[in-house]
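Student: With the sequence up front, the predicted model follows.
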Amino acid sequence: MSAARSSIHAASLEEAFVLHSRPYRDTSLLLEVFSRDQGRLGLVARGARRGRKRLAEQLQPFAPLLLSWRGQGELLTLTGAEPAGPALLPTTGGLFSGFYLNELLIRLLHRGDPHPHLFDVYRQTLALLGQGTDEEAVLRRFERLLLQEIGYGLQLEREAGSGAPVAPGRLYDYLPEQGPVPAGEGESRGVRVHGQTLLALARDGELDAEGRREAKRLMRAALAVHLGDRPLQSRELYRRQRLL
């Protein structure tokens with residue numbers, strides 16, 4: 001077998017979701033997909049916008065699919081698509097959160113890096129959002145598990161440095177690249193958060209209103225380390241919608 005031939009990538013009817021699509025050339029679509037066994041991929045759906053309306057309609061975000069592809073390099077060719085069930089996130093609710101999840105995956109996952117457990121978490125998260133489950137709790141859990149899956153899990157149950165157990169009633173400064181340290185006098189050195197919030201995040205426990213605010217600030221700070229300076233479009237879209 002030649003070197004060129006051995007570098008060909010192919011898959012048949014693999015579980016996947018479309019994360020994003022946009023027009024490509026005259027008649028095609030360029031897809032970012034998240035597959036269970038091969039991770040994030042770039043696919044070209046040739047002719048999907050001309051004479052193949054049914055295909056274009058299938059290739060929508062939040063719908064479980066079975067996709068087939070073949071090709072070389074980073075941009076592969078879609079060779080087949082079948083629905084694997086109804087959309088998990090109805091258009092009537094949770095869409096902004098769904099777009100947020102998709103953008104996080106596109107920004108934080110490397111192409112061709114498999115994350116089968118994260119794929120299952122993503123599918124479950126979409127289903128929970130579609131069922132109207134507590135949106136903030138669902139998002140915080142996904143953010144935590146995403147960071148853990150890509151090797152940047154948060155230290156939530158032990159103090160940075162000392163390794164002492166986090167105390168529920170204690171106030172901490174959370175340093176995103178280190179962990180929680182007992183809060184001192186004056187301004188916070190990181191994200192100020194109560195121990196009970198950290199423990200609830202670690203164990204998927206319930207949070208009161210103050211805990212929810214702390215958890216959101218903490219997860220934003222933790223994600224920002226890896227997202228860089230470019231803002232998330234899904235957050236901006238949500239903010240504009242709230243102002244309308």
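Tutor: Arrived safely.

Student: Show me where this protein dips below the pLDDT cut-off.
Tutor: 1-7, 51-53, 90-93, 186, 239-244 (pLDDT under 70).

Student: Please repeat the previous calculation with a cut-off of 90.
Tutor: 1-10, 25-27, 47-57, 73-74, 89-96, 132-133, 161, 176-177, 184-189, 228-244 (pLDDT under 90).

Student: in it, which spans are helices?
Tutor: 3-6, 53-58, 95-108, 116-130, 135-149, 195-203, 209-227, 233-243 (DSSP state H).

Student: Go through the ones you listed and name the closest to Glu32.
Tutor: helix 95-108 (5.6 Å; Cβ to Cβ). For glycine as for every other residue, the C-beta is placed from the backbone atoms N, C-alpha and C.

Student: Please compute how far the closest one lies from its chain's middle.
Tutor: Mean C-alpha position of helix 95-108 versus that of the full chain (Cα atoms, centre = their mean, to the nearest Å) differs by 5 Å.

Student: got it, and stretch 62-73?
Tutor: What separates the centre of stretch 62-73 from the centre of its chain is 18 Å, taken as Cα atoms, centre = their mean.

Student: Could I get the buried residue list for the lengthiest strand in the chain?
Tutor: Using DSSP state E, we find that the single longest strand of the chain is strand 9-24. The neighbour-count check on strand 9-24 (16 or more other Cβ atoms under 10 Å) flags Ala11, Glu14, Glu15, Ala16, Phe17, Val18, Leu19, Ser21, Tyr24 as buried.

Student: do you know which of the helices of the chain lies nearest Ala160?
Tutor: Of all the helices of the chain, it is helix 195-203 that lies closest to Ala160, at 11.4 Å by Cβ to Cβ.

Student: now for that closest one, which elements pack on it?
Tutor: Judged by 3 or more Cβ pairs under 8 Å, 6 or more residues apart in numbering; DSSP states H and E, helix 195-203 is in contact with helix 135-149, strand 171-175, helix 209-227.

Student: so how far is that helix from its chain's centroid?
Tutor: With Cα atoms, centre = their mean, you get 21 Å for helix 195-203.
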